[in-house]
Structure formats: C-alpha cells, structure tokens
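Asker: here is a sequence together with a model predicted from it:
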Amino acid sequence: AQKVTQAQTEISVVEKEDVTLDCVYETRDTTYYLFWYKQPPSGELVFLIRRNSFDEQNEISGRYSWNFQKSTSSFNFTITASQVVDSAVYFCALSVDQAGTALIFGKGTTLSVSS
Amino acid sequence: DAGITQSPRHKVTETGTPVTLRCHQTENHRYMYWYRQDPGHGLRLIHYSYGVKDTDKGEVSDGYSVSRSKTEDFLLTLESATSSQTSVYFCAISSDSYNEQFFGPGTRLTVL
C-alpha cells in the first residue's frame, strides 16, 4: 500500500524566512511519481511539480526548490525568502505506475507567512 | 489553466435527497477523478474514470455513484445524501494515470 506523511500540520514564519515542508512517502513500487500542490485561501488546488522515481535531481523554480531523496523516501519542499502570498495549504502526493491508480495525498501542511 | 468546470459551486440540501454534481472538461483528457476534502483528512478519492463508461471505485466510494457517458463529462451522484457527505468535492483530470492532475474549482456541499 502507498502512504504519504506530512508530519508538520502547521508552520508559521515571518516574511523573508526560509521554510521547508517535509514529505515522506511509502511504496513498494519501483516506479512512482511524486507531486506537490498548493491550496491558497481561495480554495483552488494548484499543481507545482511532478517528479518521477528515476530522477533524483533536485529542482529549483524561482524561490521554490525540491529535494528528492530515495534513500530516506522524502520529497521535501523549500520556499526561500517566504512571502505573504505563500500562505496556503501545501499537499504532497504520490502515484504509482499502475493503470487506474490515482493520487495518494498527504494531509497537508498549513503555512502561514506574516509580514 | 486547464479547462475544468464544476457545477454547482455551492449546494445546500437535506438528508435523504439525491444530489448530482457535474464535472466538465475541455481538455479531452482520458482520466477524470472525484475527490472529497475534509479537515484532517486531506483529499480522498471517491471514484475515477479511465474512459467513457469505464469507472472504478476509490478509497471512500460508499454512498456515491458516478457516470461518464461522454469524454468531457463526469457526474457524481449521492443517491440519498447524509450529513457525513457534507464536504468540498473536487474534480480532477489527467492525460494519463501517472501524470499530474489538474483540479476544478470545487463544489461545497452541505447536507442538513
């Protein structure tokens, strides 16, 4: 069975601080995909990144970066120099390479950035 | 933005009444999904579809049925709504089962 754990329920930071959101996953499949989504207070779910299990390269997109480590089954998300607009619930998700399977979501981390 | 709409966006209904939520896409994606989002549970899969008339159950399918008669439409039906089905319902689409999913705006359903 697959599982995603986001141990941090809520994080509060002050603007310009760096913050890392943790994601630990469990799967016995060798081919799998990891995702991060953002849900701002307006409620929509915004896709941020997809990473497959064969690509352990870290990725940077502006102030966002992702660290994928298969050895620790983690796919952590760092926001550098956080801004108030980063305040949202962030979800990590996992899918495996089997027809018809859907995303398994973690329970989310609520990030609050204050000015 | 992916072309996904959900209707209605908000609905209040009474226990025991049938309710149908509609998801419509303009992307011609093969896969469509219905999730529910509840505090403390994240998003949980209700049903999904991998093609016209091809559907399967998800983690929390009891009390729900779905239909997909056209590629662009995926309907979620609560045959007899209960208060435990009060939730926010999200539809999602993807071009393949392992690709990223794009979500609709959500429907907030309240069952009194």
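Answerer: Yep, it's here.

Asker: burial count for B:Glu27?
Answerer: Around B:Glu27 there are 14 other residues, counting by other Cβ atoms under 10 Å in any protein chain shown. Glycine gets a C-beta too; all of them are placed from N, C-alpha and C.

Asker: now do the contacts for it.
Answerer: B:Ala2, B:Gly3, B:Ile4, B:Ile93, B:Ser95, B:Phe102 (Cβ atoms under 8 Å, 6 or more residues apart in numbering or on different chains).

Asker: quick one, phi psi at B:Ser83?
Answerer: Per-residue torsions, B:Ser83: phi -60, psi -30 (degrees, to the nearest 10).

Asker: from chain A, how far out is the nearest residue to B:Arg9 once chain neighbours are set aside?
Answerer: Leaving aside its sequence neighbours, B:Arg9 sits nearest to B:Thr107 (Cβ to Cβ, 6 or more residues apart in numbering or on different chains; 5.9 Å). Distance, B:Thr107 to chain A, using Cβ to the nearest Cβ, to the nearest Å: 11 Å.

Asker: contacts only, for B:His10.
Answerer: By Cβ under 8 Å, 6+ apart, the neighbours of B:His10 are B:Thr107, B:Arg108, B:Leu109.

Asker: buried subset of the residues you listed as a ChimeraX selection?
Answerer: ChimeraX command restricting those to the buried ones, with burial defined by 16 or more other Cβ atoms under 10 Å in any protein chain shown:
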select /B:107,109
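
Asker: what strand or helix carries A:Tyr90?
Answerer: Counting by DSSP states H and E, the element that carries A:Tyr90 is strand A:88-96.

Asker: list the beta-bridge partners for the residue nearest to B:Arg9.
Answerer: Listed by DSSP bridges, the beta-bridge partners for B:Thr107 are B:Tyr89.

Asker: dump the residue contacts of it.
Answerer: For B:Thr107, the contacting residues are B:Gln6, B:Ser7, B:Pro8, B:Arg9, B:His10, B:Lys11, B:Leu21, B:Val88, B:Tyr89, B:Phe90, by Cβ under 8 Å, 6+ apart.

Asker: next one: A:Gln39
Answerer: A:Leu45, A:Val46, A:Ala88, A:Val89, A:Tyr90, A:Phe91, A:Gly108.

Asker: for A:Thr72, same thing?
Answerer: Contacts for A:Thr72 (Cβ under 8 Å, 6+ apart) come out as A:Val24.

Asker: what does it show for phi and psi?
Answerer: Dihedral angles (degrees, to the nearest 10) for A:Thr72: phi -110, psi 10.

Asker: which among the contacts of A:Gln39 are in contact with chain B?
Answerer: When contact is defined as Cβ under 8 Å from any Cβ of the partner chain, the contacts of A:Gln39 meet chain B at A:Leu45, A:Phe91, A:Gly108.

Asker: need the residues you listed in JSON lines (columns: pLDDT).
Answerer: Shown next, in JSON lines, are the ones next to chain B among the contacts of A:Gln39 (pLDDT from 0 to 100):
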{"residue": "A:Leu45", "pLDDT": "95"}
{"residue": "A:Phe91", "pLDDT": "96"}
{"residue": "A:Gly108", "pLDDT": "95"}
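
Asker: out of those residues, who's nearest chain B?
Answerer: A:Leu45 (3.9 Å; Cβ to the nearest Cβ).
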